[in-house]
Every structure is written in C-alpha cells, then in structure tokens.
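Chemist: sequence below, structure please.
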Amino acid sequence: MRVAMYYSNRDIRIEERPKPKIGPGELLIRVEASGICGSDVMEWYRINRTPLVLGHEIAGTIEEAGEGVRIYKKGDRVACAHHVPCGRLILTRADFASICACLK
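Modeler: As a prediction, this is how the structure comes out:
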C-alpha cells in the first residue's frame with residue numbers, strides 16, 4: 001500500500017508499506033480521503049514522532065473484515081470516527097461521542 005510518510009515540513013515521501021494484517025473484530029479499510037487534524041499541522045506536536053503518516057479522520061472502502069465482524073462486509077463504504085466512546089454515558093448515547101468524558 002502507498003502512504004504519504006511525514007519526515008519534516010519539507011520532507012514528505014510517497015512510500016510503499018506492507019498491507020496490515022487484521023485480527024478478529026477488525027476491519028481493513030482502503031483510505032480514499034483523510035482529514036488532517038489541527039494538531040497534525042503544528043510541527044512542535046509531531047516533530048518527535050517522525051516518521052509518521054498523518055490523518056486519522058478517514059473515509060474509504062472495506063477491503064477485509066476480520067473474524068466475528070457481522071455488520072460490515074468487503075466493499076462497504078465507511079467513514080471512521082477518531083474517538084472511541086464508552087457507549088454508556090448519556091452524551092455518547094445522544095450522538096455526542098466526541099465529547100464522551102471517558103475519552104479524557
């Protein structure tokens with residue numbers, strides 16, 4: 001798979017990486033679009049984490065579904081949230097997952 005690997009503000013390279021292996025309950029998604037978070041554009045935030053692939057707000061198509069995945073299948077188009085809420089708190093159940101207190 002191809003990735004845009006960030007090394008510095010003046011050094012971003014298109015590189016080949018091995019296709020990730022998925023486990024039970026996981027999905028492999030071919031990313032077709034990715035947002036760049038506000039923290040991704042601040043060099044001081046990412047400079048000590050290089051090299052890395054930026055972007056965690058993605059949309060794409062499912063390439064593989066791991067054992068036990070029943071809702072999604074290969075070929076489904078998905079958008080992925082970057083927060084994983086607890087599912088118990090009222091804000092989470094009211095569709096405000098990104099402000100779930102358990103994420104802090």
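Chemist: let me see the ranges of the helices in the protein.
Modeler: Ranges of helices in the chain, per DSSP state H, are 43-46, 90-93.
Chemist: weakest of these in terms of mean pLDDT?
Modeler: Taking the average pLDDT of each of the helices of the chain, the minimum falls on helix 90-93, with a mean of 59.
Chemist: name all residues that make contact with the spatially most central residue of the chain.
Modeler: By C-alpha atoms, centre = their mean, the chain has its centre lying nearest to His56, at 3.8 Å. Counting by C-beta atoms under 8 Å, 6 or more residues apart in numbering, His56 makes contact with 34-35, 37, 82. C-beta: built from backbone N, CA, C; applies to glycine.
Chemist: of the residues you listed, which is the nearest to Pro51?
Modeler: Ser34 (16.6 Å; C-beta to C-beta).
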